[in-house]
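S.K.: Sequence and predicted structure below; questions after.
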Amino acid sequence: MFSLRVQPQTSPNDKYVGIYPAKPRVTSARNSGVPSFTPNFGRTASDSFTMSQGYVNRKLSEKYKGIADDYARKEQNNIAIDYYRRAITTKPDYAQSYYNLARVYERRGDIDQAIEIYEELLSEKPDEPEAQTLIGKCYKDKGDYTTAKTIFEKAVQIDPKYDFASRSLKEIDNLILAQTDPMKAEAQKQEAAQRNMGEALGMVNQYVSPKTREILNNLTIEFADTDSLSGYQNIAQYENHNKRIVITKDYLWAAPEITAAYIVHEAVHARDQDGLSSIKEEQDAYELSVRFWLEHNNGVKDPELDYASGLYKDSPELLKSKVAETYRSRDKSMPESSPNHIATSKNNIFTKISLALVSTRDKCFSRKIPIS
């Protein structure tokens with residue numbers, strides 16, 4: 001499983017590009033954003049003009065951003081930068097253009113310029129925890145842990161439930177500790193991984209069917225390095241040959257609710273007990289992990305899971321469409337369906353959310369999981 005928020009890139013050997021798409025919308029003729037020509041009772045002509053101009057600017061900015069995204073995928077960065085700038089000038093509070101522009105600079109290794117772009121966004125939208133966190137990440141990548149820590153703390157203050165910020169702060173604290181006491185830092189990391197995985201497995205155990213629970217209990221589930229597909233690192237993966245589920249070790253500081261959602265995703269693959277996947281299998285895995293996340297996030301916010309959940313809440317078909325588009329672009333050899341998944345998808349892989357959860361009195365399985 002990897003991010004749905006990044007658009008496909010041209011070369012499979014390129015590093016992660018990180019181009020954020022605008023979130024698709026499901027609309028009707030009645031609620032499509034088309035300017036109304038009915039009387040605006042209670043509004044002045046100036047109000048109506050301002051609203052119409054705002055709509056036009058938004059659409060024009062989205063158009064510029066779309067053109068920029070295309071050039072960014074082709075690595076025609078100078079042209080992409082120009083169009084991102086047009087998008088920002090047209091609609092200065094349109095956050096997606098800033099994020100994508102900063103990603104282009106990061107890809108070119110111009111971290112300082114990326115920081116400037118994120119700071120521009122914060123001048124327009126001071127309460128953007130993601131922009132604040134990404135600035136901190138830039139400083140972390142530069143090796144300036146002290147500045148990164150200060151910025152991560154600001155992001156957590158903006159939104160304490162925003163996990164990208166809180167896990168980044170925990171990680172930087174550990175990196176700072178490792179500079180003076182590496183053994184203590186490593187022990188702290190191992191303890192965090194064990195606690196995170198144990199709590200996550202406890203949540204999953206209450207959600208999955210007995211059969212799936214039995215399968216999971218016979219797997220190794222751990223934080224470790226994950227593979228890449230077309231230059232995109234997996235957040236999580238099921239390895240049938242190794243009989244294990246791997247969550248990227250970048251997430252060992254994440255909230256256990258997030259870890260649990262990714263275990264649920266990979267459990268769909270593990271349930272088939274083969275090394276095959278397909279578009280249909282990925283669609284089902286995303287849907288079930290999103291349903292789990294919506295039910296059990298406990299107020300935690302995560303940009304990846306929240307993006308997928310937003311698609312699902314708009315329409316389950318919208319999520320399926322995005323999953324299909326993403327996987328087809330990154331692995332052209334992936335089949336539309338896989339035989340074992342067709343057979344097992346008819347069974348109760350999971351209990352019904354909110355209606356038939358396994359009793360919390362059942363013993364939760366958990367294992368002390370080392371970091372590879």
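M.R.: Done, it's in.

S.K.: would you list every one of the strands in the stretch 51-200 of the chain?
M.R.: Under the criterion DSSP state E, counting those that start in this stretch, strands are not mapped anywhere in the stretch 51-200 of the chain.

S.K.: pLDDT wise, what is the residue nearest to the spatial centre of the chain at?
M.R.: Most central in the chain under Cα atoms, centre = their mean is residue 304, positioned 1.6 Å from the mean C-alpha point. For residue 304, the model assigns a pLDDT of 93.

S.K.: from what I can see it touches residue 234, true?
M.R.: No. Applying Cβ atoms under 8 Å, one finds residue 304 not in contact with residue 234, separated by 11.9 Å. Using the backbone N, CA and C atoms, a C-beta is placed for each residue, glycine as well.

S.K.: which ones are touching the nearest residue to residue 91 once chain neighbours are set aside?
M.R.: Closest residue to residue 91 apart from its sequence neighbours, by Cβ to Cβ, 6 or more residues apart in numbering: residue 61 at 3.6 Å. The neighbours of residue 61, taking Cβ atoms under 8 Å, 6 or more residues apart in numbering as the test, are 87, 88, 90, 91, 94, 97.

S.K.: Can you report how many residues lie near the residue lying closest to residue 122 once chain neighbours are set aside?
M.R.: For residue 122, ignoring the flanking residues on the chain, the nearest one in space by Cβ to Cβ, 6+ apart is residue 131 at 5.4 Å. The burial count assigned to residue 131 is 24, neighbours taken as other Cβ atoms under 10 Å.

S.K.: same thing with residue 335?
M.R.: The number of residues near residue 335, taken as other Cβ under 10 Å, comes to 13.

S.K.: repeat for residue 339
M.R.: Neighbouring residues of residue 339 were enumerated by other Cβ under 10 Å; the total is 12.

S.K.: And residue 160, by the same measure?
M.R.: Counted with other Cβ under 10 Å, the neighbours of residue 160 add up to 13.

S.K.: what do you get for residue 120?
M.R.: Counted with other Cβ under 10 Å, residues neighbouring residue 120 total 15.

S.K.: In this structure it contacts residue 98, no?
M.R.: Yes. Counting by Cβ under 8 Å, residue 120 does reach residue 98; the two are 6.3 Å apart.

S.K.: joint contacts of the two?
M.R.: Between them, residue 120 and residue 98 share the neighbouring residues residue 88, with contact defined by Cβ under 8 Å, 6+ apart.

S.K.: Can you pull the domain assignment for this protein?
M.R.: As recorded under automatic domain parsing, the domains making up the chain are 1-26+44-126, 135-180, 185-344.

S.K.: any idea which of those scores lowest on pLDDT?
M.R.: Taking each of these in turn, the lowest mean pLDDT turns up on domain 1-26+44-126, with a mean of 77.

S.K.: on that earlier part again, so which of the contacts of residue 61 wins on neighbours?
M.R.: residue 97 (29 neighbours).

S.K.: which residues does it contact?
M.R.: Counting by Cβ under 8 Å, 6+ apart, residue 97 makes contact with 61, 64, 65, 68, 84, 87, 88, 91.

S.K.: Not counting sequence-adjacent ones, nearest residue to it?
M.R.: Once its chain neighbours are removed from consideration, residue 97 has its nearest residue in residue 87; the separation is 4.0 Å (Cβ to Cβ, 6+ apart).

S.K.: how much space between the one you found and residue 107?
M.R.: Here the criterion is Cβ to Cβ, to the nearest Å. By it, residue 87 lies 18 Å from residue 107.

S.K.: What of residue 233?
M.R.: Following Cβ to Cβ, the distance that separates residue 233 from residue 107 is 15 Å.

S.K.: same deal with residue 251?
M.R.: Taking Cβ to Cβ, one finds residue 251 at 22 Å from residue 107.
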